[in-house]
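J.: Below is the sequence, then the predicted model.
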Amino acid sequence: MNGCICCTVRQDLVVVLEKLAKKVEAGMKLDGIVIETTGMADPAPVAQTFFVDEEISCFADLDGIVTVVDAKHIEQHLDEEKPEGAENESVEQVAFADRILLNKTDLVDEAHLCKVEAKLRSLNKLAPLVRCERGKGFALDFVLGVKAFSLEKVLEMEPDFLDEDGEHQHDDTITSVGLRATTPLDMVSVNGWLTELLASRGQDIFRMKGILHIQGQDDKFVFQGVHMLFSGEPLEPWGPGPRESRVVFIGRNLDAATLNSELESCYARA
């Protein structure tokens, strides 16, 4: 599925869930379903799916909404002023959370963590919160099988939650850009490009990640970045199939043509 799961592909989600329901009815064993949205998704329309669609509501219960919070960068997103009528998705995700994982705690000090936790508590006083590093430091039963989602609580917060025709508006300046390249890339050029990109536009790059086909390397090279933080490492061999680099950016005022041109400038010379 491609696009924002809370908007353009919500019907695709319904189709997938309906297919799973038929497979379970035919005998397939299924312990649960984990749905991961983008960092820019409003959780309300996704959660709504499990209540307004009769077939889905009979097949699956919404166990809980888990929000992973970036301890280093969350404040600027919670405080961001949006265009009139547009929702602040970060605020919505914290407010709707049944569990909160405060991640990347190793990147900030204790005073900063306490400040962030106080901010989160001002938006959501009920959700249990656990600190973690690199997505580790919590038990699975903290996020799975919790039976924590409360329709009554949500209706108190958003009385029109079950209204399928309710308004749902995003900040149009925030988009995603996906790039692909079959030509091998030069590692030095890629590193220089991404370093310069984050140095000059890091505040506007909310998230980036990719799998790269580097010339002379048999392993896939994976990288990810959040604002000005960036890391990468070899992953696994490509195997016998075709090799293709794929890069995704999520951010503000992204120019797809410029990013694609900059990626092409990293092509390795024959």
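T.: Noted; the coordinates are in hand. No experiment lies behind these values; they were computed from the predicted model shown.
J.: where along the stretch 51-200 of the chain do the helices fall?
T.: Using DSSP state H, counting those that start in this stretch, the helices of the stretch 51-200 of the chain run over 54-59, 74-78, 89-96, 110-123, 151-157, 187-201.
J.: From the centroid of the chain, which residue is nearest?
T.: Geometric centre of the chain, nearest residue: Thr38, 2.8 Å, by CA atoms, centre = their mean.
J.: Count the residues that sit near Asp98.
T.: 21 (other CB atoms under 10 Å). Quick note: C-beta positions are derived from backbone N, CA and C, even for glycine.
J.: again, but for Leu198
T.: Using other CB under 10 Å, Leu198 has 19 neighbouring residues.
J.: Numbering from 571 from now on, please.
T.: Sure thing, new numbering starts at 571, so read that last one as Leu768.
J.: Skipping its backbone neighbours, what lies nearest it in space?
T.: Setting aside the residues directly before and after it, Leu768 is nearest to Met798 in space (CB to CB, 6 or more residues apart in numbering), at 5.0 Å.
J.: Leu721 too?
T.: Once flanking residues are discounted, Leu721 sits nearest to Phe621: 6.7 Å by CB to CB, 6+ apart.
J.: mind checking the SS state of the residue nearest to the centre of the chain?
T.: Following DSSP: H, G, I helix; E, B strand; the rest coil, the label given to Thr608 is coil.
J.: Look up how far Asp649 lies from it.
T.: According to CB to CB, to the nearest Å, Thr608 and Asp649 sit 20 Å apart.
J.: before we move on, the earlier item: spit out the contact partners of the residue nearest to Leu768.
T.: Neighbour list for Met798: Leu768, Ala769, Gly772, Gln773 [criterion: CB atoms under 8 Å, 6 or more residues apart in numbering].
J.: Tell me the pLDDT of it.
T.: As predicted, Met798 sits at a pLDDT of 77.
J.: circling back: is the residue nearest to the centre of the chain in contact with Ile744, as I believe?
T.: No: assessed by CB atoms under 8 Å, Thr608 is found out of contact with Ile744, at 10.4 Å.
J.: Between the two, which contacts overlap?
T.: Ile820.
J.: quick one on the thing from earlier: which of the contacts of Met798 lies closest to Val817?
T.: Nearest to Val817 out of those is Leu768 (CB to CB; 13.4 Å).
J.: Let me see the contact set for the closest one.
T.: By CB under 8 Å, 6+ apart, Leu768 lies in contact with Ile775, Gly795, His797, Met798, Phe800.
J.: cool, and Arg822?
T.: Counted by CB under 8 Å, 6+ apart, Arg822 has contacts Thr743, Ile744, Asp774, Phe776.
J.: helix/strand/coil for Gly802?
T.: Secondary structure, three-state DSSP: Gly802 is strand.
J.: Can you name the residues bridging to the closest residue to it other than its chain neighbours?
T.: Among residues not flanking Gly802 along the chain, Phe793 sits closest, at 3.2 Å (CB to CB, 6+ apart). Applying DSSP bridges to Phe793 yields these beta-bridge partners: Gly780, Gly802.
J.: so what's Phe793 up against?
T.: Residues near Phe793 by CB under 8 Å, 6+ apart: Leu764, Met778, Lys779, Gly780, Leu782, Phe800, Ser801, Gly802, Glu803.
J.: Quick check: the second one is in a strand.
T.: In this case it means Met778. Yes: when three-state DSSP is applied, Met778 is found to be in a strand.
J.: residue contacts, it?
T.: Leu764, Phe793, Gln794, Gly795, Val796, Phe800, Val817, Val818, Phe819, Ile820, Gly821.
J.: Quick check, the first one in contact with Leu799.
T.: The reference is to Leu764. No: checked against CB under 8 Å, the pair Leu764 and Leu799 is beyond contact range at 11.4 Å.
J.: Could you check which of these two is surrounded by more residues?
T.: Per other CB under 10 Å, whichever of Leu764 and Leu799 has more neighbours is Leu764, with 20 against 14.
J.: Excluding chain neighbours, what is closest to that one?
T.: Phe800 (6.1 Å).
J.: Count the neighbours of the one you found for me.
T.: Per other CB under 10 Å, the neighbour tally for Phe800 reads 17.
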